[in-house]
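In: Here is my input; please provide its structure:
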Amino acid sequence: MTKERTKDIVFWSVVVVFFLPFFLCEKVFMGYEAFNIEHPMVMSFLKFAVLATLGEVIGLRIKTGKYNSSGFGILPRAAVWGVLGLTIKMAFVIFATGVPVFLEKMGLEGAMAVMKEPFSMVKLLVAFSISAAMNLIYAPVMMTLHRITDTHIVANGGKMAALVKPIRFGTIMKEMDWGMQWNFVFKKTIPFFWIPAHTITFLMPAEYRVLFAALLGIVLGVLLAIAANKAPAKD
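Out: Numbering: from 1, shown residues only. A predicted model of the protein is given here:
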C-alpha cells in the first residue's frame, strides 16, 4: 500500500468517525438541532469553518496529492470560512425574505406563504428565484473576497498572523486571474451548479438550509481545485 493511499484511508476514517455520531446517536443529533435553533449564527460559523475548509483540503489533495502543504494555512482558512459563513447566513435571510416580497409586488400572489407549504411548481419557482437572485448578486462578491483572502493567507505563509495583517486588496485584485474567475467560477459554476443546488436548498426547512449550504462548501473546494488546474480561458 502506497503512502498516499494510507493517508487517504486515515483521512476519510477520521471524517467518518467525526460525523458518524450525528447519524447513529439520536441524542447527539437532537443536541445539535437544539443548539442550532438557539445559536444559529454560532452554528453558521462552525459549519462553514469545518465543512468548507474540509472541501478546500480535499481540493488541495486533488490538486497536489497532499492534504496540507507549507503555506496553505488550514486554521486561518477555517477562521475566514467561519466569518464568510456568517455573511452566507445573512444572505439566506435577506434573499429568502426579500425575493418573495419582490415577487408579490410583481404579481405572484402568496409567494411568501407558499414557501411554508408542501412542494408545488409555484414553490419551485419561488425557490429558484431566491437562489438566482442570491447567486447573481451576493455570490460573485463572496467568491471574489474568498479568493482574495486565500491569496493573502498564502502570501503570509499560512500563518494565523495573516488574520490580523492588512490585506493588499488592490495588489491582489490586479494579480488575480480574472479570466478563470469569470469564465469558470462565475460563468459556469453559478448557473450550472450553484443556482440549481441552492434552489434545492430553499425548498428545505429553514433550519436545514445553512447545513446543506455548508455541505456544498465541500463541493466548492473541489471546484476551486479544478479551477486552479484550468488554463486561463478567453471570452
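In: Using the three-state scheme, assign residue 108.
Out: coil (DSSP: H, G, I helix; E, B strand; the rest coil).
In: roughly how far apart are it and residue 44?
Out: According to C-beta to C-beta, to the nearest Å, residue 108 stands 29 Å off from residue 44. Backbone N, C-alpha and C define where each C-beta goes, glycine included.
In: Between these two, which has more neighbouring residues?
Out: Each of residue 108 and residue 44 has its neighbours counted (other C-beta atoms under 10 Å); residue 44 has more, 25 against 16.
In: I'd say the more buried one and residue 87 touch.
Out: No: when contacts are counted by C-beta atoms under 8 Å, residue 44 is not listed as touching residue 87 (9.2 Å).
In: Can you give me the buried ones in the lengthiest helix in the chain?
Out: In the chain, taking DSSP state H as the definition, the longest helix is helix 74-105. Neighbour counts over helix 74-105 (16 or more other C-beta atoms under 10 Å) mark 74-85, 88-89, 91-92, 95-96, 99-100, 103 as buried.
In: Ok, stretch 114-121 next?
Out: Buried residues in stretch 114-121, counting neighbours by 16+ other C-beta under 10 Å, are found at 114-115.
In: Show residues contacting that stretch.
Out: 96, 100, 122-123, 126-127, 202-203 (C-beta atoms under 8 Å, 6 or more residues apart in numbering).
In: Report how far apart the opening and closing residues of that stretch are.
Out: 10 Å (C-alpha to C-alpha, to the nearest Å).
In: mean confidence for it?
Out: Mean per-residue pLDDT for stretch 114-121: 92.
In: per-residue confidence averaged over stretch 216-227?
Out: Taken as a whole, stretch 216-227 carries a mean pLDDT of 71.
In: again with stretch 39-54
Out: 91.
In: Ok, stretch 14-31 next?
Out: For stretch 14-31, the mean confidence score works out to 87.
In: which of the residues in that stretch are buried?
Out: Counting neighbours by 16+ other C-beta under 10 Å, one finds that stretch 14-31 has no buried residues.
In: gap between the closest residue to residue 129 other than its chain neighbours and residue 92?
Out: Excluding the flanking residues, the one nearest residue 129 by C-beta to C-beta, 6 or more residues apart in numbering is residue 99, at 5.4 Å. Note on residue 99: its distance to residue 92, by C-beta to C-beta, is 11 Å.
In: Residue 17 now?
Out: Between residue 17 and residue 92 the distance is 30 Å, computed by C-beta to C-beta.
In: Need the pLDDT of the residue nearest to residue 129.
Out: Looking at residue 99, its pLDDT stands at 97.
In: Thought residue 127 was touching it, still the case?
Out: No: using C-beta under 8 Å as the test, residue 99 is too far from residue 127 to be in contact (9.4 Å).
In: circling back to that earlier point, next, give me the two most distant ones among the contacts of stretch 114-121.
Out: By the measure C-beta to C-beta, 96 and 122 form the most distant pair in these, at 15.6 Å.
In: Need the contacts of stretch 114-121 in a markdown table (columns: distance to residue 164).
Out: Output for the contacts of stretch 114-121, formatted as a markdown table (distance: C-beta to C-beta, whole Å):
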| residue | distance to residue 164 |
| --- | --- |
| 96 | 34 |
| 100 | 40 |
| 122 | 49 |
| 123 | 45 |
| 126 | 42 |
| 127 | 40 |
| 202 | 36 |
| 203 | 40 |
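In: okay, these in TSV with secondary structure and distance to residue 22 next?
Out: What follows is the contacts of stretch 114-121, written out as TSV (DSSP: H, G, I helix; E, B strand; the rest coil; distance: C-beta to C-beta, whole Å):
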residue	secondary structure	distance to residue 22
96	helix	25
100	helix	31
122	helix	33
123	helix	28
126	helix	30
127	helix	26
202	helix	23
203	helix	22
